[in-house]
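Okay, here's the prediction I keep looking at, along with the sequence it came from:
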Amino acid sequence: MSEPAAVYGFHAVTARIRHRPESVQEILFDQNRRDPRLKRLLVAARERGLRVSTAQGKALDEVAGSRRHQGIVALVEGGLQPRSLADVLETLDEPALLLVLDGVQDPHNLGACLRVADALGAHAVVAPKDRAVGLTPTVEKVASGAAQTVPYVVVTNLVRELKAMNEAGIWTVGASQGAPLPLVSCDLKRPVALVLGAEGEGLRQLTRKTCDELVAIPMSGTVESLNVSVAAGICLYEARRQRQVEETASAKS
C-alpha cells in the first residue's frame with residue numbers, strides 16, 4: 001500500500017470530507033485552535049466516522065510539507081483519482097466544455113485553473129503526464145476544493161488526445177498570442193476544448209498545429225501576456241456567455 005498523501009487547508013480538507021470521505025485515513029488539527037470554523041469541520045468529520053487527532057504546529061508543518069496548512073491536515077489515500085475523458089463525456093447532457101493545459105508546471109497556476117474550471121462549469125481539465133505539475137497538496141489547497149469536483153484527466157500523449165477529441169466531435173481551440181481570430185468571434189457553443197499553454201512558453205508548436213482553430217484574447221493595456229489561470233477564466237467565461245445567450249434566445253422563441 002502506498003504512503004498516504006497530505007491534503008491541507010480548510011477548503012481542501014472540507015471538500016475531501018464532503019466528496020471523498022472514504023479516502024480519508026486521519027485528520028490532524030492544531031491542538032491550540034478552538035475556533036468555530038475548526039469545530040464545524042471536526043463535526044462533519046466525526047459525522048462520517050472519520051478519525052481525528054490533535055497535533056502540534058511543527059508536526060503539522062512536517063506532515064503537510066508546508067507552513068500554510070491553517071492548522072488542519074488530512075492524510076488521504078492518494079490524490080484525486082484520474083478519470084478517462086470517455087467516462088466524463090458519457091455523463092454530459094450539454095455540449096462538452098473542456099480545459100486543456102499544455103504543460104503547466106506551477107502548482108499555484110494549476111490550482112487556480114481548477115478553481116476557475118469549477119466556477120465556470122468546465123466538465124474536465126485535461127493535462128499531459130509529462131512536463132506538468134500534477135495534483136500535489138499545494139495544488140489541492142490553491143484549488144480550494146475544486147480538485148475534488150472537477151475531473152482531472154491525465155493523458156500520456158496530448159496531441160493524440162486532441163485528435164481523439166476531434167474524432168469525438170469536439171472542436172479544439174488553442175489560445176495563442178497573435179492569432180488572427182479574436183476569442184469573441186469563435187463559436188464556443190458547440191462541444192469545445194480550450195487549449196492553453198504553459199507559463200511563459202505558450203502552446204508547443206505541435207499542439208498549435210493540432211488545434212482546429214487558434215484564437216487570441218484581445219489586449220488593450222501594456223502587458224504582453226496573461227497568467228494561464230486568468231486566460232483560462234476569460235476563455236471559459238466567454239464560452240459560458242455565448243451558451244447563455246443562445247439559451248436565452250431559444251427560450252424566447
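Received it, and whenever you're ready, just let me know what you need. If you're wondering where the values come from, they're calculated on a predicted model, not measured in any experiment. Residues are numbered from 1 along each chain as shown.

what about the spatially closest residue to Ala216 that is not a sequence neighbour, which SS state?
Spatial nearest neighbour of Ala216, chain neighbours left out: Ala179 (4.1 Å); criterion: CB to CB, 6 or more residues apart in numbering. Placement of C-beta: from N, CA and C, glycine included. Three-state assignment for Ala179 (DSSP: H, G, I helix; E, B strand; the rest coil): coil.

do the same with Ala193
Ala193 is classified as strand under three-state DSSP.

how far away is it from Gly200?
Remark: distance between Ala193 and Gly200 (CB to CB, to the nearest Å) = 22 Å.

Which one of those two is surrounded by more residues?
Counted by other CB atoms under 10 Å, Ala193 and Gly200 do not tie: Ala193 has more neighbours, with 26 against 9.

what's near enough to touch that one?
Going by CB atoms under 8 Å, 6 or more residues apart in numbering, Ala193 touches 96, 98-100, 126, 162, 165, 170-173.

tell me which of the residues you listed is nearest to Pro36?
Among those, Leu99 lies closest to Pro36 (CB to CB), at 35.2 Å.

The closest one touches Ile234, doesn't it?
No - using CB atoms under 8 Å as the test, Leu99 is too far from Ile234 to be in contact (11.8 Å).

and these two? which has more neighbours close in?
A direct count of neighbours by other CB under 10 Å for Leu99 and Ile234 places Leu99 higher, at 25 against 18.

For the more buried one, list each beta-bridge partner.
Val125, Leu194 (DSSP bridges).

residue ranges of the helices in this protein, please?
Ranges of helices within the chain are 10-19, 36-47, 57-64, 85-90, 107-119, 137-143, 146-149, 158-167, 205-210, 228-252, based on DSSP state H.

what does the first one rub up against?
Contacting residues not belonging to helix 10-19 are listed as 7, 23-24, 27, 37, 41, 44-45, 48, 50, 70, 72-74, 76, 137, 140-141, 143-149 [CB under 8 Å, 6+ apart].

Which positions in it come out as buried?
For helix 10-19, the neighbour count (16 or more other CB atoms under 10 Å) marks 10-17 as buried.

picking that back up, can you tell me which of the helices of the chain is packed in deepest?
helix 137-143 (a mean of 26; mean count of other CB atoms under 10 Å).

Not counting that helix itself, show me its contacts.
Outside helix 137-143, the residues that reach it (CB under 8 Å, 6+ apart) are 5-9, 11-12, 64-66, 68, 79-80, 107-108, 110-112, 114-115, 118, 133, 147-148.

Contacts only, for the closest residue to Leu120 other than its chain neighbours.
Spatial nearest neighbour of Leu120, excluding adjacent residues (CB to CB, 6+ apart): Leu236 at 3.9 Å. Contact partners of Leu236, counting by CB under 8 Å, 6+ apart, are 97, 99, 116-117, 120-122, 194.

Sweet, I'm off.
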